[in-house]
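*Asks:* structure for the following, please:
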Amino acid sequence: MTSSSTPRMVNTYKRTSSPRSPTNTGELFTPAHEENVRFIHDTWMCVLKEIKSPQNNDRGPQEYVEKYPNPNLHSFIPFDLSDLKKRNTQDAKKS
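*Replies:* Numbers count the residues shown, from 1 in each chain. Now for the predicted structure:
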């Protein structure tokens, strides 16, 4: 298998080092963690913007849509994992 036939993601977005406001959850994060989260968030926002851009063609990011969706996932409802974690933490404190 040659690497030239395998598509790969090329990231051209630059990291920023602007400070992020502290969280109110009481969790402490290292500066490296903060930078990684900020980088992923900023990069994802750029990808979403490019997908929605009218100038987006076959060269830019493409949204994946299954040709044959899994019927077992028809009733799946997305949910916020952070919200679920908060609810579980609050339930544990009540016990």
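*Asks:* next up, phi/psi of residue 45, please.
*Replies:* The phi and psi values for residue 45, taken as degrees, to the nearest 10, are phi -60, psi -40.
*Asks:* and it, how far from residue 60?
*Replies:* Using CB to CB, to the nearest Å, residue 45 is found at 15 Å from residue 60. Heads up, the C-betas are built off the backbone N, CA and C, glycines and all.
*Asks:* what do you get for residue 86?
*Replies:* Residue 86 is 36 Å from residue 60, by CB to CB.
*Asks:* for the protein, what spans make up the helices?
*Replies:* Along the chain, counting by DSSP state H, helices occupy 31-52, 81-94.
*Asks:* give me the neighbour count for residue 39.
*Replies:* Residue 39 has 16 neighbours, counted by other CB atoms under 10 Å.
*Asks:* let me know the pLDDT of it.
*Replies:* Predicted confidence (pLDDT) for residue 39: 96.
*Asks:* please apply the same query to the one 4 residues further on.
*Replies:* Note for residue 43: predicted pLDDT of 93.
*Asks:* ditto for the one 10 residues further on
*Replies:* The per-residue pLDDT reported for residue 53 equals 79.
*Asks:* also residue 84?
*Replies:* pLDDT for residue 84: 85.
*Asks:* quick check: it vs residue 38, distance?
*Replies:* In terms of CB to CB, residue 84 sits 23 Å off from residue 38.
*Asks:* these two: who's more crowded?
*Replies:* Neighbour comparison, residue 84 and residue 38: the larger count goes to residue 38, with 16 against 10 (by other CB under 10 Å).
*Asks:* and the more buried one, how far from residue 71?
*Replies:* Between residue 38 and residue 71 the distance is 39 Å, computed by CB to CB.
*Asks:* go on, residue 91?
*Replies:* 33 Å.
*Asks:* ok, now residue 33?
*Replies:* 39 Å.
*Asks:* ok, the two, which is more surrounded?
*Replies:* Legend: neighbour count by other CB under 10 Å for residue 33 and residue 71, higher for residue 33 (11 against 7).
*Asks:* the closest residue to residue 60 other than its chain neighbours: neighbour count?
*Replies:* Closest residue in space to residue 60, ignoring its immediate chain neighbours: residue 50 at 5.1 Å, by CB to CB, 6 or more residues apart in numbering. By other CB under 10 Å, the residues close to residue 50 number 13.
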